[in-house]
Each structure stands twice: as structure tokens, then as C-alpha cells.
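Participant: The following block contains a protein sequence and its predicted model.
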Amino acid sequence: MNKKILVVDDDLAILEVIKLILEEQGYKVIVTSDGGKVQQKINEDFPDLILLDFWLSGQDGRKIAKYLKTQETTRNIPIVMISANHEPEKIARDVDANDFLAKPFDIDDLVMIVKKYTE
């Protein structure tokens, strides 16, 4: 069975690129550009990993991550924060995210970090 990755980013081009790369690696990829739909996507298709942008239109990815890490049903899902922020490690730590991936990212780095949490 394929591992499922939920990707949350308000940049549709980034979503498409990540989806293509990870599907080529054999993952099932669920995407949303709406931070308000994260819980719905989790309920529909419980992911093995969440890639979550810090800054979403109308939503704060940090608040979403912090909320997910406090919930019984989602606290054990690894979350990798994605950002062009200059302090991604600190922000990821502050919200109890498992890791971070700085934008712009190298394809190999994306694949490596996803494998780290799904294998």
C-alpha cells in the first residue's frame, strides 16, 4: 500500500511540483491550498505525513501544526513545515513540527525528508 502524503500550500505551482515528484516516488499525494480544509482532508484520507507551508492565505500554518499536535487523532502524524522564512528550524520547533524544509528546496532534499518519515 502506498504511503499517503498531505501537502498544504497556497502556491498552486508548488503543490503541483511536489505532487508530481512524490507520485513518481510511489506516494499517494493529497493536496490542498486551503489551510481551513486540513482537518477535512485528514478525516477523508488519513495521511502518513503532512507537508505544511508556514504562510497560507487566510491561515497560519504554524497554528494548524500546533493544533494537530495537540489532538489525539493527529498528534502522531509527522509534520514537516515548508517555508522561505529565515528561521524555519526555530519556527518548526516552536510548533512541535517534526522537521522543516526550506524553500526553495532541492528535489533530492524533498524526497529524502519524505522518506525519513514514511519508511
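Facilitator: Yes, it's here. Since this is a predicted model, take the numbers as computed values, not measurements. Residues are numbered from 1 along each chain as shown.
Participant: nearest residue to the residue positioned nearest the centre of the chain other than its sequence neighbours?
Facilitator: Closest to where the C-alpha atoms of the chain average out (CA atoms, centre = their mean) is residue 51, at 0.9 Å. With sequence-adjacent residues excluded and distances taken as CB to CB, 6 or more residues apart in numbering, residue 51 is closest to residue 7, at 4.6 Å. Placement of C-beta: from N, CA and C, glycine included.
Participant: Ok, residue 107 next?
Facilitator: Per CB to CB, 6+ apart, closest to residue 107 is residue 21, 5.7 Å.
Participant: Just the element for residue 86, please.
Facilitator: Using DSSP states H and E, residue 86 maps to neither a helix nor a strand.
Participant: next SSE after the lowest-mean-pLDDT helix or strand in the chain?
Facilitator: Of all helical and strand segments in the chain, the minimum by mean pLDDT, DSSP states H and E falls on helix 88-94, at a mean of 80. Counting by DSSP H and E, the next helix or strand C-terminal to helix 88-94 is strand 99-102.
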